[in-house]
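Enquirer: Only the shape, not the letters, is given here:
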């Protein structure tokens, strides 16, 4: 257990140590130099000036907000229909969803690029978000949550004269806020991890999310390991923060998604 | 599962369900069904990524199957799956069992151990570019402990580059699969274990004969998930080694990326490669489906 712990922690701590080191201090030399003799935040500042890291972070944040929102809307609507609205072909659609969950995005990468460009969405925020917005796991997490609501609650709403939209919005949705949080947290982590698709669909560097943009630091002529370490820590901070604060949501979402989905 | 939901209170008008699943259907039509169909069509044309394309029959497949770089990429991906899967599954089972035996400090250890799963792979790979560099952390440790005399060329040696990518996959991947296995372990019957303990079975014996058989379903699920994600490996080789040195760590998806993404490259040929990837993924999932079915019968 200790071995596993140190294997996980060592690279991260080494990054932190390197990021805090001044230009005069060596990044090599074992084992003594782990603690910087003269800690500095200059590298974190340099990360923002060497490449437009602030811009990249804003792009990533916009992609995350839009992606999480669309994913939530689509997953709750579909999950609700699959759980509580009987319709012809529902069983078939569930099978289609399960089958498409097994289809890796890379298989349709080239064609999706052509379609997205054909729709005039190349180099746009929507073009980054929409093709990966439907998460089968999210749909099934929401479906499971809606199935769990007792029928009496829905019956009471109908007795009071609520229509389908009203029932969904004011009665059913508030009952599943826990699962909504799970889907939102997982959606954020997925969105922050996007790399291949933005790399493919974006050509203007001003639109790059951090994952793509930060790669330029290592390609830069004057690649400075200390600055790169600082930048990677900045990019890793938001999902780590979310994870440590909302662990319960992450655990239940991932475990449930994998075991039931 | 359906029995609960079928007892819905009222009959809805025909457009009500459409209202709810319509948005997803639209998005899927545009970005899933159309591209999927298009992939099958393009694979038999000479289309470029700019457009055009005429039907060329099996020409793309003939070109692909006689291309050395295609087979090399397939070989690398195969090796990737064969290396990553057993390590990730083995380590994850071990960690899940260790975490599941209650111990002090689990509350702190657990989140740290799982934290790599939320980190973006592109940035993790960038970090490992330095960790595995000739003067990076890994070599500093190995040399400091006098395990090696000269720095190990993790990223610059044609034989080691792919293995280095796999190491990164393992580092990042174990968290997720440990978490899934841990969830399964928490459903394992405690009585059986206690009964075995009363019968004098050792901890090791109980683990292998009582605990692991009860989570075998989840273990095969995790194995499939790991194998499929290894088939899809892109970010690790792309960031860490750019598929190199030379093409020594070029996987199928990296190969696909280099053939069919840039303007003017061959979308038709790349679609043919995509279909091969699809076949591999289907093969893995159906093999596991057959195995579990056989196990149940």
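Expert: Ah, there it is. These numbers come from a predicted model, not from an experiment.
Enquirer: so where is the stretch 51-200 of chain B shaky, pLDDT-wise?
Expert: B:102-106 (pLDDT under 70).
Enquirer: residues from it in reach of chain A?
Expert: The stretch 51-200 of chain B comes close to chain A at residues B:91, B:95, B:98-99, B:103, B:109, B:111-123, B:126-131, B:135, B:137, B:140-141, B:143-144, B:171, B:176, B:179-180, B:182-184, as judged by CB under 8 Å from any CB of the partner chain. For every residue, glycine as well, the C-beta is placed using N, CA and C.
Enquirer: Whichever of those end up buried, select them in PyMOL.
Expert: Only the buried entries of these go into this PyMOL selection, using 16 or more other CB atoms under 10 Å in any protein chain shown:
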select buried, chain B and resi 91+95+98+99+109+111+113+114+115+116+117+118+119+120+121+122+123+126+127+128+129+130+131+137+140+141+143+171+176+179+180+182+183+184
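Enquirer: So which of the residues of the stretch 51-200 of chain B next to chain A are in helices?
Expert: Counted as lying in helices by DSSP state H, out of these, are B:91, B:95, B:98-99, B:109, B:111-114, B:121-123, B:126-131, B:137, B:140-141, B:143-144, B:171, B:176, B:179-180, B:182-184.
Enquirer: and the residue most central in space within chain B, what does it touch?
Expert: Centroid check for chain B by CA atoms, centre = their mean gives residue B:229 as the closest residue, at 1.4 Å. By CB atoms under 8 Å, 6 or more residues apart in numbering or on different chains, residue B:229 lies in contact with B:169, B:173.
Enquirer: Okay, it and residue B:30: tell me how far apart.
Expert: In this view, residue B:229 and residue B:30 are 26 Å apart by CB to CB, to the nearest Å.
Enquirer: Enumerate the positions of the helix or strand where residue A:3 lies that are buried.
Expert: If you go by DSSP states H and E, residue A:3 is part of helix A:2-19. For helix A:2-19, burial by neighbour count (16+ other CB under 10 Å) applies to A:4, A:8, A:11, A:12, A:14, A:15, A:17, A:18, A:19.
Enquirer: Would you check that the first one makes contact with residue B:114?
Expert: Okay, so that is residue A:4. No: when contacts are counted by CB atoms under 8 Å, residue A:4 is not listed as touching residue B:114 (10.8 Å).
Enquirer: what about the stretch 101-250 of chain A, any weak spots by pLDDT?
Expert: A:219-222.
Enquirer: got the domain boundaries for chain A?
Expert: A:1-40, A:46-260 (automatic domain parsing).
Enquirer: Using the three-state scheme, assign residue B:60.
Expert: helix (DSSP: H, G, I helix; E, B strand; the rest coil).
Enquirer: Go through stretch B:16-36 and flag the buried ones.
Expert: In stretch B:16-36, counting by 16+ other CB under 10 Å, buried: B:16-17, B:19-21, B:23-25, B:27-28, B:30-32, B:34-36.
Enquirer: what does that stretch contact?
Expert: Against stretch B:16-36 from outside (CB under 8 Å, 6+ apart): A:73-74, A:77-78, A:80-82, A:85, A:87, A:90, A:93, A:100, A:103, A:107-108, A:111-112, A:114-116, A:119, A:130-131, A:133-134, A:139, A:164-165, A:168.
Enquirer: Which residue is the nearest non-sequential neighbour of residue B:109?
Expert: residue A:5 (6.1 Å; CB to CB, 6 or more residues apart in numbering or on different chains).
Enquirer: do the same with residue A:136
Expert: Residue A:136's closest residue in space is residue A:101 (CB to CB, 6+ apart), at 4.0 Å.
Enquirer: just residue B:233 next, same as before
Expert: Per CB to CB, 6+ apart, closest to residue B:233 is residue B:251, 4.9 Å.
Enquirer: I'd like to know how many residues surround the one you found.
Expert: The local packing of residue B:251 (other CB atoms under 10 Å in any protein chain shown) involves 30 other residues.
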